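Q: Sequence and predicted model, in that order:
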2 protein chains.
Amino acid sequence: MCTTAEENYLKAIFKLSYEQKNGVTTSSLAEHLATKASSVTDMVQKLADKELVNYIKYQGVTLTPKGEKIAIQLIRKHRLWELFLFQNLGFKWDEIHEIAEELEHIKSDLLVERLDQFLNYPLKDPHGDPIPDQEGNFPKNNSIPLSRLNTGTKGIVVGVNDKSSSFLIYLVKIGIQLGTEIEILEWHEFDHSVDVRINALTLIHLSYQSAQNILMSEKST
Amino acid sequence: MCTTAEENYLKAIFKLSYEQKNGVTTSSLAEHLATKASSVTDMVQKLADKELVNYIKYQGVTLTPKGEKIAIQLIRKHRLWELFLFQNLGFKWDEIHEIAEELEHIKSDLLVERLDQFLNYPLKDPHGDPIPDQEGNFPKNNSIPLSRLNTGTKGIVVGVNDKSSSFLIYLVKIGIQLGTEIEILEWHEFDHSVDVRINALTLIHLSYQSAQNILMSEKST
DNA sequence: TAATATATTTAGACACATCTAAATATATAT
DNA sequence: ATATATATTTAGATGTGTCTAAATATATTA
């Protein structure tokens, strides 16, 4: 059984594994978890003792199958709770992450399965992220960032990469949510920004950074 | 803000206050929390520093208004989550307490209010216990223990005093749940046990201890 | 009331998770 | 390749919540 702190480390290692393919560094973990490198070293050694991570001094960590399983279950719980908060309790897009960070640590396998059933075995959370099943398999995610759509194409917003409140609040403010239709009007060479039409109506201008963080359905017209 | 351990102490003090009117003793708290008297002394001193309890050495503790408010909010959260688990996720009577013990520590006032709304502002939890409102007021509880019903009267089961799994499992086994109708047939002088009829059908025999722990609606016929 | 039993508190220790500061290893630049 | 900069680890300390053992206070009994 893991403590909340241990679980948070496993989740962080899982997430950073995608950005830094060959082993997650101590300093990147420290930054991600808003803690000090020395604390990370301590914890990582403890996780290695428990055989949840592979750790070689000065060379970073990777998850063992055992550690990865726990990390994926945490992501599953997090995303199921997020959906519950959004769909059933009427929370806003930018309010759900923080509460789900706490709820994901509740220890009951039965609870997760019942919640999954209650939500009707959803495939995606309110940010468009795939929800792994009981065995830890992720449903295929066929979305692409808006920044890779060509001029003239249309698509539906199915998720975001950046889940920070500030970005989500910005999106809501300019009228973009899950399900919003966006048409690419014109790319600007000099800063890769783009003009788009929202829901066949409003014209707005998006920075390249925004465009990279908005995920669109692949089957665009 | 309180830690989980501190919250559990406040809740325990609140509960024991009803049994021991003039101050909760160190040893009773230690027993209730399955810990040692010395640990209780430590924690109680810390809670006194935070002005959540009144504490006089060797004389026990009482809650301050501030401490009581937190305790009641915890009970509110616990009972709302129990109802959610029972009603919406299909958990059994005896499975909900343990999970709610974890859920009650999730820190979000908005979450509690949204859950309350989602459950349609319920007055009682699945054990028949009253759910305090946002201000901490308990709805009136007009139930009495089965042990105080007279021969010939009928009543509806509206709750239990003992919420242990073993008792709840026993009740389900003999056919008693929330809403069950029970008719008092005959009291036995020598051990205060009682013969009853369940749902106008099954005859069973209840010990005095069981009778004390089953709560009935007052308006019996 | 004095002697004994019980309850409570204090003192000192430990595991957890964190920190700062110092030591050591790896990476980079001249 | 050597010097310097950066990353990482170790050592030692802190706060939380717990424990055991010893000291002290309260309650009970003769």
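A: Sure thing, it's come through.

Q: quick one: residue A:158 is in a helix?
A: No - under DSSP: H, G, I helix; E, B strand; the rest coil, residue A:158 falls outside any helix and is assigned strand.

Q: so it touches residue A:124, yeah?
A: Yes - between residue A:158 and residue A:124 there is a contact under CB atoms under 8 Å: 7.4 Å. Every C-beta, even on glycine, is put in place using the N, C-alpha and C of the backbone.

Q: how about stretch A:58-77: buried residues?
A: A:60-64, A:67-68, A:70-77 (16 or more other CB atoms under 10 Å in any protein chain shown).

Q: what pLDDT does the residue most central in space within chain A get?
A: By CA atoms, centre = their mean, chain A has its centre lying nearest to residue A:129, at 5.8 Å. Reported pLDDT at residue A:129 in the predicted model: 92.

Q: Quick check: it touching residue A:79?
A: Yes - counting by CB under 8 Å, residue A:129 touches residue A:79, with 5.9 Å between them.

Q: any idea how far residue A:75 lies from DNA strand D?
A: Distance, residue A:75 to DNA strand D, by CB to the nearest atom of the strand, to the nearest Å: 24 Å.

Q: tell me the average confidence for stretch A:161-180?
A: Computed over stretch A:161-180, the mean pLDDT rounds to 91.

Q: got a list of contacts for that stretch?
A: A:92-94, A:97, A:126-128, A:145, A:156-160, A:182, A:198-199, A:202, A:204, A:210, A:212-215 (CB atoms under 8 Å, 6 or more residues apart in numbering or on different chains).

Q: first vs last residue of it, how far apart are they?
A: Distance between the boundary residues of stretch A:161-180 (CA to CA, to the nearest Å) amounts to 16 Å.

Q: residues of the helix or strand where residue A:167 lies that come out buried?
A: Per DSSP states H and E, residue A:167 falls inside helix A:165-174. Buried residues in helix A:165-174, counted by 16+ other CB under 10 Å: A:167-168, A:171.

Q: would a markdown table of those residues with distance to residue B:10 be doable?
A: A markdown table is the format used below for those (distance: CB to CB, whole Å):
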| residue | distance to residue B:10 |
| --- | --- |
| A:167 | 38 |
| A:168 | 35 |
| A:171 | 40 |
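
Q: Just the closest of the residues you listed to residue A:191, please.
A: Nearest to residue A:191 among the buried residues of helix A:165-174 is residue A:167, at 18.3 Å by CB to CB.

Q: Am I right that residue A:99 falls within a helix?
A: Yes - applying three-state DSSP, one finds residue A:99 inside a helix.

Q: how about the residues of chain A near DNA strand D?
A: A:25-28, A:37-38, A:40-42, A:44-45, A:55, A:57-60 (CB under 7 Å from any atom of the strand).

Q: near chain B, from those?
A: Contacts with chain B within the residues of chain A next to DNA strand D, counted by CB under 8 Å from any CB of the partner chain: none were found.

Q: Compare the residues you listed and tell me which has the most neighbours.
A: In terms of neighbours by other CB atoms under 10 Å in any protein chain shown, these top out with residue A:40 at 23 neighbours.

Q: In terms of secondary structure, what does the host helix or strand of that residue contact?
A: Using DSSP H and E, the element containing residue A:40 is helix A:37-49. Judged by 3 or more CB pairs under 8 Å, 6 or more residues apart in numbering or on different chains; DSSP states H and E, the packing partners of helix A:37-49 are helix A:4-19, helix A:26-32, strand A:53-55, strand A:61-63.

Q: out of the ones you listed, deepest packed?
A: Mean neighbour counts were compared across those using mean count of other CB atoms under 10 Å in any protein chain shown; the top stretch is strand A:61-63, at a mean of 21.

Q: what's that strand in contact with?
A: Contacting residues not belonging to strand A:61-63 are listed as A:10, A:13-14, A:17, A:23-24, A:29, A:44, A:47-48, A:52-55, A:71 [CB under 8 Å, 6+ apart].

Q: Nearest to DNA strand C among those?
A: Nearest to DNA strand C among these is residue A:47, at 9.2 Å by CB to the nearest atom of the strand.

Q: Could you check how far residue A:196 is from chain B?
A: 33 Å (CB to the nearest CB, to the nearest Å).

Q: show me what contacts residue A:152?
A: A:183-184.

Q: what's the pLDDT at it?
A: At residue A:152, the model reports a pLDDT of 90.

Q: For it, identify the helix or strand it belongs to.
A: Per DSSP H and E, there is no helix or strand for residue A:152.

Q: Report how many residues lie close to residue A:79.
A: Number of residues near residue A:79 (other CB under 10 Å) recorded here: 24.

Q: Skip the chain neighbours and tell me the closest residue to it.
A: Spatial nearest neighbour of residue A:79, excluding adjacent residues (CB to CB, 6 or more residues apart in numbering or on different chains): residue A:125 at 3.7 Å.

Q: Contacts only, for that neighbour.
A: A:78-80, A:82-83, A:86, A:131.

Q: could you dump those residues to TSV with secondary structure?
A: Formatted as TSV, the contacts of residue A:125 follow (three-state DSSP):
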residue	secondary structure
A:78	helix
A:79	helix
A:80	helix
A:82	helix
A:83	helix
A:86	helix
A:131	coil
